[in-house]
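[1] what's the 3D shape of this:
(chains A and B)
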Amino acid sequence: MGASFTAAEQFARRHRFQWWETLPWIAALAAFFAFPNYLAFATQVLITILFALSLDLVLGYAGIVTLGHAAFFGAGAYTVGMLASHFGWNEPLSGLLAAALVAGLVGLVSGLVLLRTTGLTLLMLTLCTMTLLEQAANMGASWTGGFDGIPGLNFGKILGLFSFDVLYFRSQYLYVLTVLLGCFLVVRMLIYSSFGQSLTGVRENLLRMHAVGAPVRARLVIAYAISAALAGVAGGLFTQATGFVNLAVLGLDRAAGVLIVLILGGYGRLYGAFVGATAYMVLEHFLAKAYPTAWQIGIGVTLVAVALYARNGILGLAETLRARHRKQSVS
Amino acid sequence: MSTSAAAPALETRGLCKSFGALEVAREVDFRLAQGARHALIGPNGAGKTTFINLLTGVLMPSRGDILLQGEDVTSLAQAKRVKRGIARTFQINQLFRGLTVLENVCIAVAERMEVGGSMLRSAGLRADVIGEASRLIEMLKLNEDAGRRIVELPYGRQRLVEIAIALGLNPRVLLLDEPAAGIPSAESHILLDAIATLPKDIAVLIIEHDMDLVFRFAERITVLVSGAIFAEGTPTEIAANGEVRSVYLGNAA
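    The predicted structure follows:
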């Protein structure tokens, strides 16, 4: 009885908030006061965190390997951009809601088709879906601005209360941080719920998941659609923060970038998105400053080192070191 | 529901399955009685696991019917059959290797309780699911390992988790595919005890090569050879059957 009670205790405790889980948010607020000149950059980091977090839900937890996640980021970014430029709909929060709905719908419909496949086929199909959207955005120039995109967008006050402008980095940063916090709480709730456990089950053993009677495909499609909606919110934030949208929001570069961010931080770990996005973007920023011509070499070397020595990313490395330290202090 | 109490727990009628020219199940007419302790034996490649896969819906038969409690389930998908009460274990462990024993069993119990898709409540705070899973873990004497991840367990203990997961589905028919395979003989008594104490109302079909186990456990034995039923009877009848001895037991003895 004793050991089984401890296991249940341990199971429950993991799902409660730990003190260290406040650290990312304290750090984000500290950054707000400490680096007032970097807030535009920091806002981009927050947006990347949200994007990577959405990817973690499908890749890290459900084990869906995708190379086309920027499709949803792009769907959200264009939704916000087109609503603002064609309909004058420039209230930020409702714009994000629209972005989530459109991206989520794209995720739901494509997921219904794609998630019948696995492995390389799935990988190729996610890539194709993204390319199709990219070409649609390229060709529908009267709506999307085609290759040039939609520049010079302006957004109204948040809920009509807080001023929001491409040039007001302070309000923008706090706005994006608040949205990130909200989305994070949703993701955290999901992954620790029975639904999240069943996604982990699919990742760990598909055969067994079928054998316990789980509606596997339905679960995957729902997770995919939710993840797409969150990526859409990240895309919508991107358009609002930069004041423009162009084809780069749904290209392979962005899809591969977020994958690298998540792997660097550690996938399937909830906080991997936070660590990965911050590490990657800060590294990129300072390397580009120090070596304007050859900074990508530095990024490349770092990624090779992570791939070779830290398979589970920075967080995985930290866990290994902590476990080793514990073992030593015991013996 | 017109299920009469007399209907067998599970029945197949003229069940056939072929992969191209290879026939892996031929006209199998099989009955698993309510609360049965039934063993399915046969030489390697006889089609025993294929038969389990047909029963559970992993494979669809080429011809024939499968009836569960008298109701036709032939065209039902795997998950639907599980809901109707068929559970299985696998010949090679199929567990959630990165998760703890408790989490493994909880996933199965949550699906059975129809809360596997619930998003709002933490799985770790579901007292009903965890209580049920803990009870099964205790029943299989896995208490000490409840908080350990599957990858940290010896293979024999993992076999018990397979059974705990299957029981978590609250089955009416339990299919055990070589449960003792890979268990050191010193540990096999835990497994035997576990199987012996299974609730009497569950009909159990066991595939096993260990004849000691088969003869100790089974009240009825079916011998499968080349995808067809070769003989069927009580353990005494099967042991006395000269032909069975020559195709199968002869090699083992």
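
[2] The residue nearest to residue B:130 when sequence neighbours are not counted: neighbouring residues, count only.
    For residue B:130, the nearest residue in space outside its immediate sequence neighbours is residue A:8; the separation is 5.2 Å by C-beta to C-beta, 6 or more residues apart in numbering or on different chains. Just so you know, the C-beta spots here come from the backbone N, C-alpha and C atoms, and that holds for glycine as well. Residue crowding around residue A:8 was assessed by other C-beta atoms under 10 Å in any protein chain shown; the count is 21.

[3] and if you look at the one 3 residues further on?
    Neighbour count for residue A:11, taken as other C-beta under 10 Å: 24.

[4] Tell me the spacing between residue A:226 and residue A:215.
    Counting by C-beta to C-beta, to the nearest Å, the gap between residue A:226 and residue A:215 amounts to 16 Å.

[5] Tell me where the model's unsure across the stretch 101-250 of chain B.
    Applying pLDDT under 70 to the stretch 101-250 of chain B flags residues B:248-250.

[6] Leaving out sequence neighbours, find the closest residue to residue B:70.
    With C-beta to C-beta, 6+ apart as the criterion, residue B:70 has its nearest non-adjacent residue at 3.3 Å, and that residue is residue B:7.

[7] so the one you found makes contact with residue B:69?
    Yes. Applying C-beta atoms under 8 Å as the test, residue B:7 and residue B:69 come out as touching, 5.9 Å apart.

[8] Between the two, tell me which one has more neighbours.
    Neighbours were tallied for residue B:7 and for residue B:69 using other C-beta under 10 Å; the higher tally belongs to residue B:69 (20 against 17).

[9] Ramachandran angles for that one?
    Here the main-chain torsion angles of residue B:69 (degrees, to the nearest 10) amount to phi 50, psi 40.

[10] That one: what's it in contact with?
    Applying C-beta atoms under 8 Å, 6 or more residues apart in numbering or on different chains, one finds that residue B:69 lies in contact with B:3, B:7, B:9, B:10, B:84, B:85, B:172.

[11] Pull out the buried residues from the residues you listed.
    Neighbour counting over the contacts of residue B:69 (16 or more other C-beta atoms under 10 Å in any protein chain shown) leaves B:7, B:9, B:10, B:85, B:172 as the buried ones.

[12] The residue nearest to residue B:70 - that's part of a helix, no?
    No. Under the criterion used here (DSSP: H, G, I helix; E, B strand; the rest coil), residue B:7 is coil, not part of a helix.

[13] I'd like to know how far it sits from chain A.
    As judged by C-beta to the nearest C-beta, to the nearest Å, residue B:7 and chain A stand 22 Å apart.

[14] Where does the closest residue to residue B:200 other than its chain neighbours sit: helix, strand or coil?
    Nearest residue to residue B:200, sequence neighbours excluded (C-beta to C-beta, 6+ apart): residue B:35, at 5.4 Å. Using three-state DSSP, the secondary structure recorded for residue B:35 is coil.

[15] how about low-confidence regions in chain A?
    Scanning chain A for pLDDT under 70 picks out the ranges A:1-5, A:164-167, A:330-331.

[16] Residue of the stretch 201-331 of chain A closest to chain B, please.
    Nearest to chain B, among the residues of the stretch 201-331 of chain A, is residue A:213, at 3.0 Å (C-beta to the nearest C-beta).

[17] Residue A:217 - how many residues pack around it?
    Close neighbours of residue A:217, defined as other C-beta under 10 Å, add up to 15.

[18] what's the helix or strand for it?
    Following DSSP states H and E, the helix or strand that holds residue A:217 is helix A:216-242.

[19] Tell me the helix or strand right after that helix.
    helix A:252-265.

[20] What segments of the stretch 101-250 of chain B are strands?
    Listed from the start of the chain, the stretch 101-250 of chain B has strands (DSSP state E, counting those that start in this stretch) covering B:173-177, B:203-207, B:220-225, B:228-233.
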